[in-house]
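S.K.: Attaching a predicted model along with its sequence, questions to come.
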Amino acid sequence: MRVRFAPSPSGQLHVGNARTALFNWLLARGRGGTFILRIEDTDAERSTRDSEAAIVRDLRWLGLDWDEGPDAGGSHGPYRQSERLHLYESYAQELLNADAAYYCFCSTAQLEVERQEALAAGRPARYAGTCRRLSRDQAQARIAAGERPAVRFRVPENRDVVFTDAVRGEVRFHTDVIGDPVIVRADGHPAYNFAVVVDDALMEVTHVIRGEDHISNTPRQILLYEALGFSLPAFAHLALVMGPDHSPLSKRHGATSVAEFRSKGYLPEALVNYLALIGWSPRGSTHGRSAGDDAELVPIDEMAKRFALEDVGHSAGVFDEEKLAWVNRHYLKIADPIRLAELSVPYFNEAGIRMAPDARGLEFLASAMTMASASVDRLNQVPARLALVFDYDAAATLGDPHVRDEMQNDGARAVVRALAEELASAPRLDRDRFRAVANQLKTRTGQKGKALFHPIRLALTGRAEGPELDLALPAIDRGAELPADAGMPKILGNRERAAAFVAALDRVVD
């Protein structure tokens, strides 16, 4: 088994194309096959090496590797179409020699007029065959006179082209509605339908798995396979990925590229898992189970063992970012905290919490990650969740009228004053020491429950809500003990915060 993913490097990797790559990869890895990466860059105006590099980077980020490709090499290369032009020229000439193709001198303007006339008359917008009737001598004379023709494939007349799609079953087209396609443009570059046939045949691709938007291309390609004497691969056409309004997923729906979802803080394993569920129901799981069912959470290696084309549905799947966020939450909860800490650093910097942590700083950040990983959807939400560790301003907290109102209560003021006194001589807090301090405050002030813990939260975090205090306060004091060269911003400890809050409170009262 040999499969391929063949992107055009003219933009970012769309999640729909990423799913196509994933399904090819799963089939190859699950069946001991070969996965090929081929770059279809014959559109010189739109193709760039920067785009190619970005696609390669996104595929690797998703965890998809390849056995043959531009950087991996292989015995069926080159793997960029721009480096295979001599092959297309050779096979085009073969078709011309066999009278299976012909030169076409029709201008773009002329073809557009004919297309509009056909549409107005309710006919299929197919080539009228104007140059099909030119003799070879007539064509050669026009070429000698300086005209630059395209090359068209001569589609056989009055026959059906039938193939069995691995996803959709039997598909049938009649050649009357196909028209003679251009296989080589006037500038010498091959058209998609021609280049893809030559490449897939010479690379010995056995299964062509691609989006359903290519179904109409398939009969033309089958006829080219036949004319060139190539064996046909198996075809499988995947339903497109749709937006919430059931139109093809596009920019108007928000993020659509792998890079965009990566930048928003989704983990690659979450995006891969979710993309696989759009149109594929893992064997052994029940389609349509509730969103909380763990049967839908399948690691990529396990997916490869279970993936089969017969389990792929032919109905369009809707991309639901809320469902993706649910999947991502699962993977955030089970991810290595050190890894999450490393991945979160850019988001802290973007949020204005500047850091360049060394191993000590990362270890601290990882220890604090439990306050975030179970309660955020994406990594870009982590800084806001952990901001209370890094950002403290007692005066600003008391500038909130709700906080000032709460501090008018004698019980609340007693709690924060006692808190400052207890922490002044206490060691840095861990969970046990915090609980001991809380018990002492309860005894001293007679306050309990929310009347005890909410003033503590305000005084030490500067916020009315947030993570559990027995997680947040030990994290604050661990951060306060970090050496200055750990690459982390200076963190004010609980002792210092309590003193600052009482001082600011005194100024407000005065």
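M.R.: That came through, no problem. Numbers count the residues shown, from 1 in each chain.

S.K.: what comes up buried for stretch 16-34?
M.R.: For stretch 16-34, a neighbour-count test (16 or more other Cβ atoms under 10 Å) marks 16-30, 33-34 as buried. (C-beta placed from N, C-alpha, C; glycine too.)

S.K.: In which helix or strand does the residue nearest to residue 210 when sequence neighbours are not counted reside?
M.R.: Residue nearest to residue 210 in three dimensions, not counting chain neighbours: residue 20, with 5.9 Å by Cβ to Cβ, 6 or more residues apart in numbering. Using DSSP states H and E, residue 20 sits in helix 15-30.

S.K.: name the helices or strands packed onto the following helix or strand past that helix?
M.R.: Later in the chain than helix 15-30, the nearest helix or strand by DSSP H and E is strand 34-37. Here strand 34-37 touches strand 2-5, helix 15-30, going by 3 or more Cβ pairs under 8 Å, 6 or more residues apart in numbering; DSSP states H and E.

S.K.: Who are the packing partners of the very next helix or strand once past strand 34-37?
M.R.: Using DSSP H and E, the next helix or strand after strand 34-37 towards the C-terminus is helix 49-62. On a contact count with 3+ Cβ pairs under 8 Å, 6+ apart, helix 49-62 meets helix 15-30, helix 258-263, helix 268-277.

S.K.: hang on, the earlier thing: report the angle between the helix holding residue 20 and helix 49-62.
M.R.: Angle, helix 15-30 to helix 49-62, by axes from the mean of the first three to the mean of the last three Cα atoms, to 10 degrees: 50 degrees.

S.K.: picking up where we left off before, mind putting the helices and strands packed on strand 34-37 in JSON lines, mean pLDDT included?
M.R.: Shown next, in JSON lines, are the helices and strands packed on strand 34-37 (pLDDT from 0 to 100):
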{"stretch": "strand 2-5", "mean pLDDT": "98"}
{"stretch": "helix 15-30", "mean pLDDT": "97"}
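
S.K.: before we move on, the earlier item: from residue 242, how far off is the residue nearest to residue 210?
M.R.: Here the criterion is Cβ to Cβ, to the nearest Å. By it, residue 20 lies 15 Å from residue 242.

S.K.: correct me, but residue 191 touches residue 181?
M.R.: Yes: contact criterion Cβ atoms under 8 Å: residue 191 and residue 181 qualify, at 6.7 Å.

S.K.: Backbone dihedrals for residue 336, please?
M.R.: With angles defined as degrees, to the nearest 10, residue 336 sits at phi -60, psi 120.

S.K.: so who does residue 398 touch?
M.R.: Contact analysis of residue 398 by Cβ atoms under 8 Å, 6 or more residues apart in numbering lists 404, 407, 501, 504-505, 508.

S.K.: hmm, try it at 7 Å
M.R.: 404, 407, 504-505, 508 (Cβ atoms under 7 Å, 6 or more residues apart in numbering).

S.K.: List the buried residues in stretch 243-252.
M.R.: Neighbour counts over stretch 243-252 (16+ other Cβ under 10 Å) mark 243, 248-249 as buried.

S.K.: again with stretch 386-403
M.R.: Neighbour counts using 16+ other Cβ under 10 Å place 386-392, 394, 397-398, 403 of stretch 386-403 among the buried residues.

S.K.: Now residue 499. Nearest residue, chain neighbours left out?
M.R.: residue 420 (5.3 Å).

S.K.: Just give the number of residues close to that neighbour.
M.R.: Using other Cβ atoms under 10 Å, residue 420 is surrounded by 21 other residues.

S.K.: And for residue 415?
M.R.: Around residue 415 there are 27 other residues, counting by other Cβ under 10 Å.

S.K.: For the stretch 51-200 of the chain, which segments count as strands?
M.R.: Taking DSSP state E, counting those that start in this stretch, the strands of the stretch 51-200 of the chain run over residues 101-104, 150-153, 160-165, 169-174, 182-184.
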